[in-house]
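K.L.:
below: sequence and its predicted model.
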Amino acid sequence: MGMTITEKILAAHSGRDEVYAGEFVTAKVDLVFANELSGIVTLRVLREWEGFERVFDPEKVVFVFDHFTPNKDISTAMIVKELKAELDQYGITYYESGRNGIEHVLLPELGLIAPGDLILGGDSHSCTHGALGAFATGVGSTDIAAAMALGETWLKVPTTLKLVYRGQPPKWVGGKDLILHTLGKISVSGALYQAMEFSGEAIDALTVFDRLTMANMAIEGGGKAGIFAADEKTLEFLADKGGREGVVYHSDPDAEFSDVIEFDVSDLEPQVAFPYLPENARSVSEASDVKIDQVVIGFCTNGSLHDLRQAAKVLEGRKIHPSTRAVVIPGSQNVYKQALKEGLIATFIEADCAVSTPTCGPCIGGHMGVLAAGEKCLSTSNRNFVGRMGHTESEIYLANPAVAAATAVAGHIVSPEEVV
Amino acid sequence: MQIKGKAWKFGKNIDTDAIIPARYCNTADPEKLAPHCLEDADPDFVKKMSAGDIVVADENFGCGSSREVAPITIKAAGISAVVAKSFARIFFRNSINIGMPIFESEEAVYSIDEGDEISIDPTAGVLTNHTKNTTHQLEPFPEFLQDIISLGGLRYWVEERLKSAA
Ligand code: SF4
């Protein structure tokens, strides 16, 4: 019987010729990573384990401090300090503010992800890396500890939900819109325990950055992974990163899928997800009366150079609405540097945006843009749960960076078409 | 451990931000996290519940973040088990790994009302609703997981492997 990309990767990492959905495997990992919040629990767990002395391979373990950094308070500072001392002992590389980025933006830049890899991250959005043809999934701190000690993890081979996108996406419609539209159809539990495999001519037309955005939000459908077959664009994206070559896998024509869902995106409008679930997706034209207090552009979902370019196209030569606060957060230090060179940062600052060093900050109500009761925020992040960005009586609307920029200018949700 | 207590009912898609909001996650200390258990779903929950009580939820409980402090907080608050129609997968793994008892059963969740007196026999996989005088079969765990659970959690599974590698 044919296998899916996911089954092929999991077979290759568990020393088997074939594995199929439903089987349990113990598989070797190519990269294990954590951030400061999941990582502190991991290190405390490891200290307790009998027989643990060193990590299986320090080259394959990375820590990124990104959630509440630069340290937002004393408690966070204590955590980061404790982590650094211990990571130094184990010889594990970590990325501090100024050299970092949000983990899911940073790791592909560093060439640490290759097609065909098995990646395990101590963060639910670790599924992002499936955009590069890897099987990447998020787990908790104890699972990360186990993988750091053994170089292996246990996994149940998931079934694959195949999502096929037809047609050419219109202007201002990108990966964010496709995934929000998809979640609107399948719901936040529509892919529970499954791998979501994305394909079709609309996907071929997308940039790798748009695919990273889509894979990022597989978890928002309950998915274990979001996966794309690597193509020429993927290999071109990876070419200058100095990483491993990897193995490109495709699903066999006779592979078994739990379901195949087709979308035609030729007439799709930019999407906006209403509070309090990412599945509450509507067309932007149905959202235009919502007044917005804060706009945030960035995060692991839309913090790439491509995303900042989209936002800058809209903001170029314009000012944001006088009653709106707009925060722009490049996804990594490298994105920040490039955006500076291209003049994008100047565009944001001239438009009256606050520009921050890379951080998750406001995405989890940490710092750099926390919401008050009753405030409404349009964010390019991935979750609009109750209280996610601050007060439990605040509201979050999710959209792509161009819609976010247009909304910042208008002061209420609008399509970029109405502003540019 | 005996699992017996009053049922507290929650709806579907209870996310990890509702279980333990990120604003409290600048610590990993269970004692500091426990007072905020399920705060954004029900601000008075910790005040109302008693040690041993059971959380009963609809589908996709624990969706969202990978934060292991979600089941840690529930356990630290004194909840003895979570019964749901289904769990988000990272929450499921985390609960097994930290020894927080979780059980799936559509039928049991459907029949339980808030305040019902519940007990669970994990070995037999049976939930008894003493208020309604009914019993319900719980979904058995796959064999692979039962092995990890019977070893006492992931820690012992890893330690066994470290020993045999040494
Ligand atoms: S930006 Fe938000 S969703 Fe992404 S890793 Fe950071 S906290 Fe998580």
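P.N.:
Everything's here; your move. Numbering: from 1, shown residues only, chains lettered A, B, ... in the order given.
K.L.:
partners of A:Val295 in the sheet?
P.N.:
Using DSSP bridges, the beta-bridge partners of A:Val295 come out as A:Ala326, A:Leu378.
K.L.:
the helix or strand of chain B at the bottom of the mean pLDDT ranking close to chain A?
P.N.:
Least confident element among the helices and strands of chain B, by mean pLDDT, DSSP states H and E: helix B:143-151 (a mean of 83). Yes - using Cβ under 8 Å from any Cβ of the partner chain, we find that helix B:143-151 touches chain A at B:144, B:148. No exception for glycine: its C-beta is placed from N, CA and C like everyone else's.
K.L.:
what does that helix contact?
P.N.:
Contacting residues not belonging to helix B:143-151 are listed as A:24, A:154, A:156, B:96, B:140-141, B:154, B:157, B:160 [Cβ atoms under 8 Å, 6 or more residues apart in numbering or on different chains].
K.L.:
what does stretch B:91-104 give?
P.N.:
Contact with stretch B:91-104 is made by A:139-143, B:1, B:3, B:16, B:61-63, B:66, B:68, B:70-72, B:74-75, B:80-87, B:120, B:122, B:125, B:127, B:138-139, B:145, B:148-149, B:152-155, as judged by Cβ under 8 Å, 6+ apart.
K.L.:
let's see which of the contacts of helix B:143-151 end up in strands.
P.N.:
A:24, A:154, A:156 (DSSP state E).
K.L.:
check contacts around the first one.
P.N.:
What that stands for is A:Phe24. A:Phe24 sits in contact with A:154-157, B:142, B:144, where contact means Cβ under 8 Å, 6+ apart.
K.L.:
nearest to A:Ile329, of these?
P.N.:
A:Leu155 (32.8 Å; Cβ to Cβ).
K.L.:
for that closest one, grab the count of nearby residues.
P.N.:
26 (other Cβ atoms under 10 Å in any protein chain shown).
K.L.:
now swap in A:Ser75 and tell me
P.N.:
16.
K.L.:
excluding chain neighbours, what is closest to A:Val41?
P.N.:
A:Ser141 (3.6 Å; Cβ to Cβ, 6 or more residues apart in numbering or on different chains).
K.L.:
nearest residue to A:Ile186 other than its sequence neighbours?
P.N.:
Spatially, and ignoring its direct neighbours in sequence, A:Ile186 is nearest to A:Gly221 (5.6 Å; Cβ to Cβ, 6+ apart).
K.L.:
measure A:Ala12 to A:Gly116 for me?
P.N.:
7 Å (Cβ to Cβ, to the nearest Å).
K.L.:
swap in A:Leu315?
P.N.:
A:Leu315 is 39 Å from A:Gly116, by Cβ to Cβ.
K.L.:
neighbour count: the two, which is higher?
P.N.:
Each of A:Leu315 and A:Gly116 has its neighbours counted (other Cβ under 10 Å); A:Leu315 has more, 30 against 21.
K.L.:
wait, A:Val157 touches A:Thr6, no?
P.N.:
Yes - the criterion here is Cβ atoms under 8 Å, and A:Val157 meets it with A:Thr6 at 7.1 Å.
K.L.:
please point out which parts of the longest helix seen in chain B sit buried.
P.N.:
Determined from DSSP state H, the single longest helix within chain B is helix B:154-165. Applying a neighbour-count criterion of 16 or more other Cβ atoms under 10 Å in any protein chain shown, one finds B:154-155, B:157-159, B:161-162 buried in helix B:154-165.
K.L.:
helices and strands around that helix, which ones?
P.N.:
helix A:141-150, helix B:89-98, helix B:143-151 (3 or more Cβ pairs under 8 Å, 6 or more residues apart in numbering or on different chains; DSSP states H and E).
K.L.:
redo those helices as JSON lines? Include mean neighbour count.
P.N.:
Converted to JSON lines, the helices and strands packed on helix B:154-165 look like this (neighbours: other Cβ atoms under 10 Å in any protein chain shown):
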{"stretch": "helix A:141-150", "mean neighbour count": "28"}
{"stretch": "helix B:89-98", "mean neighbour count": "25"}
{"stretch": "helix B:143-151", "mean neighbour count": "13"}
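K.L.:
show me which residues of the stretch 1-150 of chain A sit near the ligand.
P.N.:
A:67, A:102, A:123, A:125 (Cβ under 6 Å from any ligand atom).
K.L.:
nearest to A:Thr42 among these?
P.N.:
Nearest to A:Thr42 among these is A:Asp123, at 11.5 Å by Cβ to Cβ.
K.L.:
now for A:Val32: which residues touch it?
P.N.:
When contacts are taken as Cβ under 8 Å, 6+ apart, A:Val32 is in contact with A:60-62, A:120-121, A:144, A:147-148.
K.L.:
and with 7 Å instead?
P.N.:
A:60-61, A:120, A:144, A:147-148 (Cβ atoms under 7 Å, 6 or more residues apart in numbering or on different chains).
K.L.:
tell me the bridge partners for it.
P.N.:
Applying DSSP bridges, one finds that A:Val32 bridges with A:Val61, A:Leu120.
K.L.:
so for it, what's the pLDDT?
P.N.:
A:Val32 carries a pLDDT score of 98 in this model.
K.L.:
any idea how far it lies from A:Thr69?
P.N.:
20 Å.
K.L.:
what of B:Ile98?
P.N.:
26 Å.
K.L.:
same question for A:Pro322.
P.N.:
Taken as Cβ to Cβ, the span from A:Pro322 to A:Thr69 is 31 Å.
K.L.:
looking at these two, which is more packed in?
P.N.:
Comparing A:Pro322 with A:Thr69 by other Cβ under 10 Å, the one with more neighbours is A:Thr69, at 26 against 7.
K.L.:
spatially nearest residue to the more buried one (excluding sequence neighbours)?
P.N.:
In space, and not counting its chain neighbours, A:Thr69 is closest to A:Ser97: 4.9 Å by Cβ to Cβ, 6+ apart.
K.L.:
who touches stretch A:40-57?
P.N.:
Residues contacting stretch A:40-57 (Cβ under 7 Å, 6+ apart): A:34, A:61, A:79, A:82-83, A:86, A:90, A:92, A:122, A:141-142, A:144-145, A:148-151, B:28, B:68-69, B:155, B:158-159, B:162-163, B:166.
K.L.:
span of it from start to end?
P.N.:
Start-to-end span of stretch A:40-57 (Cα to Cα, to the nearest Å) is 19 Å.
K.L.:
now do it, average pLDDT.
P.N.:
95.
K.L.:
that stretch: how far from the chain's middle?
P.N.:
Chain-centre distance of stretch A:40-57: 27 Å, with Cα atoms, centre = their mean, to the nearest Å.
K.L.:
that one: which residues count as buried?
P.N.:
Those would be A:40-43, A:45-46, A:49, A:52, A:55-56, for stretch A:40-57 by 16+ other Cβ under 10 Å.
K.L.:
equivalent analysis for stretch B:9-19, please.
P.N.:
For stretch B:9-19, the neighbour count (16+ other Cβ under 10 Å) marks B:10, B:12-19 as buried.
K.L.:
next one: stretch A:153-170
P.N.:
Of the residues in stretch A:153-170, those buried (16+ other Cβ under 10 Å) are A:153-165, A:169.
K.L.:
relative to A:Gly246, how far out is the residue positioned nearest the centre of chain B?
P.N.:
Among the residues of chain B, the one closest to the centroid is B:Val82, at 3.4 Å (Cα atoms, centre = their mean). According to Cβ to Cβ, B:Val82 and A:Gly246 sit 39 Å apart.
K.L.:
how about B:Phe144?
P.N.:
According to Cβ to Cβ, B:Phe144 and A:Gly246 sit 29 Å apart.
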